[in-house]
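*Asks:* Attaching a predicted model along with its sequence, questions to come.
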Amino acid sequence: MSESDLKQRESSRRDFIKGITAAPAIALATGSTLLAQTSNQTPTQSHGTAPSQSARKSKLLVGIQIGARSFVDEGVDKCLDTLQSTGGVNAVFATVFTYGTGLAGRQVHNEPLPDHGVKEYDQIHGGSFTKVHPEFYAESVIKNIRAPELGDFDILADVIPRARAKGMQIYGLFEEAYNPALIPNFEKVAEVDVYGKPGRQTCFNNPNARTFIASMVSDWISNNEIDGLMWESERQGPLNNALGAHFGNFDSRRSSITCFCEHCMRKAKDAGINGQRAREGYIALDHWVSRTISQPRTSDGAFVTLWRVLLEYPEILAWERFWYSSQEEMYGIIYGTAKAINPRAQIGWHIMHLVTMSPFYSADTNYARLAHVSDFLKPSPYNNCAGPRLAQYIRNVQSTIFRDLTPEQVLEMHYKLFGLQNEPSLDKLPTSGLSGESVGVETRRAIADVEGSIPIYPGIDIDIPTGLNEKRTQPEDVKAATLAALRAGAPGVILSRKYAEMKLSNIAGAKEALREFGAL
């Protein structure tokens, strides 16, 4: 990107940041989105000469996601040295907030312990793994979020100076993984499902939820010399959840048809969306799903009868778009809050694995739109755990929207939709995973969508848990995926999910890829 392009883009972002303080109130009042408010400030497109291959190689970011427990167990300096020497890592994505086991703690229970760290499982309470400064939470209904399990260890204050001394960048990594039972007042920020029950996630349109998340971001950016933040919002809209278009347990769909709280209903009304009709439509859709998965095929088939529900309740699609617009606003709030404090901080988003298997989620998650409020994106084309995950996704959607087809036909259709070739058949998929080249396919798509305006750092999955008889990561898998991402034009990769579950031999596969690519 040329110097004039960069100046224009930064000018647009400064204009955006000036309005961010008022934007949440404006959005709640009018139903507009932060991205819509800045629609005339599109990311600058690069039409100049692409950087030379040698220039790209010299600036590669090699990140790894890591929790505080690993630093406590192995020692900060030793852990950082291991990351550098084994994987060529130069950027640490340190988990600062979560109540889940995906980014914090040691290996998850019942999984084989890796070849480093303490050889026993632990219990996760979770919360903030860095110091909480109370003054930043004065307006928040949620205040006491300090994780208790590691004492006074601070994953930012205790790691940043040591990482800097070794020439490594450090980013704060936080995710939407809450435990309402451990968070006083969580009901004041929680979403509400289509049947009126509170959920386990925050509502994007709830002012208390927005204040809480902005408080954390302000605290971290103000009190730590970090290079940036990355947020994991592993959620999708109510339509996709209702149809089972995910790789999780299908029985959980009803609790995921959200959000219909008072804040969403009021905001939707101001935007001209009939919230009551949307609720009725989603209940009708939920009943359609129950009939479809439990009763014999009707003469009209699944797709035709589903389309009739959508025609009867066009508010279903309106509410799906409304949900994603609200999520995009939260991205904008995080981005603007951080940039107002430290304009140099790099703010980006983890995009969940579903983006490479669900055309519905892929359509909703528009990289070009997100580039307005991003300094980088991390799509997650995890090809190893994709084996069992994609197989489960196919079984889910084949039981609802694609019931008129066989599971094998549904898989072949998805391969064609995502431009994948020579990938395993459904019976072999859980044990084979997808090819390393599938990582390159998604990387090229993401780079094309943002038109070079921001870096794309694909996630490389290493030892993400799968069934004991399903695909397990091997060093050659990591090497192939990393090479595919770099050859597709990515200026770096992020090794995922967390260091505590990765084998060192598999991490080394990334360094082998860097060496073959000529970056070492």
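*Replies:* Ah, there it is. Owing to the predicted nature of the structure, the values given are computational and were not obtained by experimental measurement. Residues are numbered from 1 along each chain as shown.

*Asks:* Just the CA coordinates for stretch 497-510, please, in PDB.
*Replies:* This file holds the C-alpha atoms of stretch 497-510, laid out as PDB (Å, rounded to 0.1, in the frame of the first residue of the first chain):
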ATOM      1  CA  ARG A 497      -5.600 -22.700  20.100                       C
ATOM      2  CA  LYS A 498      -3.200 -22.600  23.000                       C
ATOM      3  CA  TYR A 499       0.300 -23.600  23.700                       C
ATOM      4  CA  ALA A 500      -0.600 -25.800  26.800                       C
ATOM      5  CA  GLU A 501      -2.200 -28.400  24.500                       C
ATOM      6  CA  MET A 502       0.400 -28.400  21.700                       C
ATOM      7  CA  LYS A 503       3.200 -30.900  21.300                       C
ATOM      8  CA  LEU A 504       6.600 -29.200  20.800                       C
ATOM      9  CA  SER A 505       7.200 -31.600  17.900                       C
ATOM     10  CA  ASN A 506       4.100 -30.100  16.200                       C
ATOM     11  CA  ILE A 507       5.100 -26.500  16.900                       C
ATOM     12  CA  ALA A 508       8.400 -27.300  15.300                       C
ATOM     13  CA  GLY A 509       6.500 -28.000  12.100                       C
ATOM     14  CA  ALA A 510       5.800 -24.200  11.800                       C
END
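
*Asks:* By neighbour count, which bits of that stretch are buried? Give me those.
*Replies:* For stretch 497-510, the neighbour count (16 or more other C-beta atoms under 10 Å) marks 497-504, 506-510 as buried. The C-beta positions use only the backbone N, C-alpha and C, and glycine is treated the same way.

*Asks:* do the same with stretch 129-149
*Replies:* Buried, per 16+ other C-beta under 10 Å, within stretch 129-149: 129-132, 136-137, 140-143, 145, 147, 149.

*Asks:* for stretch 67-83, same thing?
*Replies:* Under 16+ other C-beta under 10 Å, the buried positions of stretch 67-83 are 67-74, 76, 79-80, 82-83.

*Asks:* end-to-end on that stretch?
*Replies:* 13 Å (C-alpha to C-alpha, to the nearest Å).

*Asks:* circling back to that earlier point, so can I have a markdown table of the buried residues of stretch 129-149 showing pLDDT, secondary structure and distance to H414?
*Replies:* As requested, the buried residues of stretch 129-149 are exported to a markdown table (pLDDT from 0 to 100; DSSP: H, G, I helix; E, B strand; the rest coil; distance: C-beta to C-beta, whole Å):
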| residue | pLDDT | secondary structure | distance to H414 |
| --- | --- | --- | --- |
| F129 | 98 | coil | 37 |
| T130 | 98 | coil | 40 |
| K131 | 98 | coil | 45 |
| V132 | 98 | coil | 44 |
| F136 | 98 | helix | 44 |
| Y137 | 98 | helix | 44 |
| S140 | 98 | coil | 42 |
| V141 | 98 | coil | 42 |
| I142 | 98 | coil | 39 |
| K143 | 96 | coil | 45 |
| I145 | 97 | coil | 39 |
| A147 | 98 | coil | 39 |
| E149 | 97 | coil | 41 |
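
*Asks:* Now render the residues you listed as CSV, adding distance to S222.
*Replies:* Listed next are the buried residues of stretch 129-149 as CSV, based on distance: C-beta to C-beta, whole Å:
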residue, distance to S222
F129, 17
T130, 12
K131, 12
V132, 12
F136, 7
Y137, 12
S140, 15
V141, 20
I142, 18
K143, 17
I145, 16
A147, 20
E149, 25
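
*Asks:* Quick one: the helices in the stretch 1-150 of the chain, in order.
*Replies:* 3-18, 23-30, 34-37, 53-58, 68-74, 76-87 (DSSP state H, counting those that start in this stretch).

*Asks:* weakest of those by average pLDDT?
*Replies:* Among those, helix 23-30 carries the lowest mean pLDDT, a mean of 37.

*Asks:* gap between the host helix or strand of I333 and the chain center?
*Replies:* Element membership for I333 (DSSP states H and E) is helix 315-341. How far helix 315-341 lies from its chain's middle: 14 Å, per C-alpha atoms, centre = their mean, to the nearest Å.

*Asks:* Same check on stretch 251-265?
*Replies:* On C-alpha atoms, centre = their mean, the centre of stretch 251-265 falls 20 Å from the chain's centre.

*Asks:* got it, and stretch 375-384?
*Replies:* How far stretch 375-384 lies from its chain's middle: 8 Å, per C-alpha atoms, centre = their mean.

*Asks:* now stretch 268-282
*Replies:* 27 Å.

*Asks:* got the buried residues for it?
*Replies:* Buried-residue list, stretch 268-282, by 16+ other C-beta under 10 Å: A268, A271, I273, N274, G275, R277, A278, R279, E280, G281, Y282.

*Asks:* for that stretch, how far is the first residue from the last?
*Replies:* By C-alpha to C-alpha, the extent of stretch 268-282 from end to end equals 15 Å.

*Asks:* Likewise for stretch 224-243?
*Replies:* 42 Å.

*Asks:* among the buried residues of stretch 129-149, which two are most distant?
*Replies:* The most widely separated members of those, counting by C-beta to C-beta, are V141 and E149 (23.9 Å).

*Asks:* who's in contact with the residue lying closest to L103 once chain neighbours are set aside?
*Replies:* What sits nearest to L103 in space, not counting adjacent residues and going by C-beta to C-beta, 6 or more residues apart in numbering, is T95, at 4.4 Å. Shown in contact with T95 (C-beta atoms under 8 Å, 6 or more residues apart in numbering): Q65, I66, G67, A68, L103, A104, F129, I155, L173, F174, E175, K498.

*Asks:* Can you verify my assumption that the fifth one contacts E234?
*Replies:* Spelled out, that is L103. No - counting by C-beta atoms under 8 Å, E234 is not a contact partner of L103; they are 10.6 Å apart.

*Asks:* Give the residues shared as contacts by those two.
*Replies:* Common neighbours of L103 and E234 (C-beta under 8 Å, 6+ apart) are E175.

*Asks:* From Q409, how far off is I394?
*Replies:* Note on I394: its distance to Q409, by C-beta to C-beta, to the nearest Å, is 10 Å.

*Asks:* Who has more neighbours out of these two?
*Replies:* I394 (23 against 14; other C-beta atoms under 10 Å).

*Asks:* Can you tell me the element that one falls in?
*Replies:* Counting by DSSP H and E, I394 is found in helix 386-398.

*Asks:* for the stretch 201-350 of the chain, what are the low-confidence residue spans?
*Replies:* 252-255 (pLDDT under 70).

*Asks:* And the helices in it?
*Replies:* 207-223, 238-242, 262-270, 275-294, 302-312, 315-341.

*Asks:* Next, format the ones you listed as JSON lines and append distance to K166.
*Replies:* Output for the helices of the stretch 201-350 of the chain, formatted as JSON lines (distance: least, C-beta to C-beta, whole Å):
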{"stretch": "helix 207-223", "distance to K166": "21"}
{"stretch": "helix 238-242", "distance to K166": "42"}
{"stretch": "helix 262-270", "distance to K166": "45"}
{"stretch": "helix 275-294", "distance to K166": "51"}
{"stretch": "helix 302-312", "distance to K166": "55"}
{"stretch": "helix 315-341", "distance to K166": "25"}
